[in-house]
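Undergrad: Just a sequence and a predicted model for now, questions to come.
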Amino acid sequence: MSVGDGNTLATTTLASSTVLGTYEERNLSNFPPNDLLVGDISEWDWALEAYDVGLNTNYCFRMVRADGRELATYTNYPQLVTVGPPNVPTLLLHFDNERTAVFNSVLEFTSIDIAGDDIHYEVEIDDDRDFSSPEVNRDSAANFLEFENLTNPSDKAPFNSGQRIRFTSPTTLSASTTYYWRVRASDPDGSAVDSDWSAPFSFTTDGSVTVSEWYQTTGHQFGSNSLTSMSTTSGGVSVSATGGAVTSSAIDFSDASVGNAWGR
């Protein structure tokens with residue numbers, strides 16, 4: 001049986017309801033059709049149409065008085081999660097501006113899907129920051145043996161949301177070259193939509209390095225710093241006055257018993 005906007009409900013949906021309210025498709029609701037006594041539980045059924053909602057957002061709902069004042073008490077709030085792609089992945093390893101002796105890149109990252117759906121990942125590595133012709137383009141759906149869940153090794157692609165994933169590249173990169181890498185995520189059993197690409201991190205290959213280190217060699221890398229009386233070129237940075245200074249962005253140092261300050 002259908003019921004029109006503002007009309008009295010014919011039956012209740014909630015087992016705890018003791019008084020019939022109304023069916024509503026817009027604010028404000030109709031007046032209560034039945035008296036409400038102390039201890040009564042009245043039910044109103046609302047049909048909501050969303051406008052301009054955010055993806056991956058948890059919305060809560062409640063009823064208030066017509067003048068905006070809250071009701072005396074609230075026990076539960078109905079909730080709605082809008083379906084969307086996983087969050088943009090967080091890049092963990094290589095750290096940004098790393099110089100490394102590893103030519104078959106081992107990259108680590110993570111992403112969260114707000115609905116808890118499993119996640120596939122796609123990785124790109126390119127020697128150009130525009131990723132116009134990537135040396136590496138691999139995804140965990142087609143190349144699942146190259147991806148592993150470090151948090152839960154028994155978990156296979158698509159991976160649990162929020163866990164640390166490692167990608168081992170099958171491609172040997174060139175020496176003495178600066179590369180950029182980025183990752184995006186998708187939830188095949190949820191929205192089945194790709195997230196945006198992560199902001200790219202850079203790393204430079206150097207076979208002479210024994211312990212990975214922070215290193216910059218391109219204009220874009222230097223451009224991420226705070227420059228005083230300095231200017232960048234495609235191949236580096238130059239002094240534009242009698243003296244200058246380069247101050248890097250914040251570096252997250254971690255404790256480690258071996259390796260360098262980045263815990264490697």
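TA: Structure received.
Undergrad: Break down this protein into its helices, ranges please.
TA: Applying DSSP state H to the chain gives helices spanning 219-223.
Undergrad: which residue is nearest the middle of it?
TA: Central residue of the chain (Cα atoms, centre = their mean): residue 87, 1.9 Å from the mean position.
Undergrad: Quick check: which ranges of the stretch 1-150 of the chain have low pLDDT?
TA: Scanning the stretch 1-150 of the chain for pLDDT under 70 picks out 1.
Undergrad: which helices and strands sit right next to whichever strand in the chain runs longest?
TA: Counting by DSSP state E, the longest strand found in the chain is strand 178-186. Under the contact definition 3 or more Cβ pairs under 8 Å, 6 or more residues apart in numbering; DSSP states H and E, strand 178-186 sits against strand 90-93, strand 106-110, strand 120-126, strand 201-205. In short, each C-beta sits where N, CA and C put it, glycine included.
Undergrad: Turn the ones you listed into a markdown table, including mean neighbour count.
TA: Converted to a markdown table, the helices and strands packed on strand 178-186 look like this (neighbours: other Cβ atoms under 10 Å):
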| stretch | mean neighbour count |
| --- | --- |
| strand 90-93 | 17 |
| strand 106-110 | 19 |
| strand 120-126 | 22 |
| strand 201-205 | 22 |
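Undergrad: Could you verify my assumption that residue 101 touches residue 209?
TA: Yes: the criterion here is Cβ atoms under 8 Å, and residue 101 meets it with residue 209 at 4.5 Å.
Undergrad: number of nearby residues for residue 37?
TA: Close neighbours of residue 37, defined as other Cβ atoms under 10 Å, add up to 8.
Undergrad: how far off strand 106-110 does the longest strand of the chain point, in degrees?
TA: Angle between the axes of strand 178-186 and strand 106-110 is 40 degrees (criterion: axes from the mean of the first three to the mean of the last three Cα atoms, to 10 degrees).
Undergrad: List the buried residues for strand 178-186?
TA: By neighbour count with 16 or more other Cβ atoms under 10 Å, strand 178-186 contains the buried residues 178-186.
Undergrad: Give me the below-cutoff pLDDT ranges for the stretch 151-264 of the chain.
TA: Ranges of the stretch 151-264 of the chain meeting pLDDT under 70: 234-235, 241, 251-264.
Undergrad: in it, which spans are strands?
TA: Under the criterion DSSP state E, counting those that start in this stretch, strands of the stretch 151-264 of the chain are mapped to 165-168, 178-186, 201-205, 213-214, 226-228, 230-233, 236-239, 245-247.
Undergrad: What about the closest residue to the residue nearest to the centre of the chain other than its chain neighbours, how many residues nearby?
TA: The shortest distance from residue 87 to any non-neighbouring residue, by Cβ to Cβ, 6 or more residues apart in numbering, is to residue 112 (4.9 Å). Counted by other Cβ under 10 Å, the residues lying close to residue 112 total 17.
Undergrad: Who are the contact partners of residue 112?
TA: Going by Cβ atoms under 8 Å, 6 or more residues apart in numbering, residue 112 touches 86-87, 161-162.
Undergrad: Now list the buried members of those.
TA: 86-87, 161.
Undergrad: mind listing what the residue located most distally from the centre of the chain touches?
TA: Taking Cα atoms, centre = their mean, the residue of the chain most remote from its mean C-alpha position is residue 35, at 48.8 Å. Residue 35 makes contact with residue 19, according to Cβ under 8 Å, 6+ apart.
Undergrad: next one: residue 223
TA: Residue 223 makes contacts with residue 232, as judged by Cβ under 8 Å, 6+ apart.
Undergrad: Many thanks, we can stop here.
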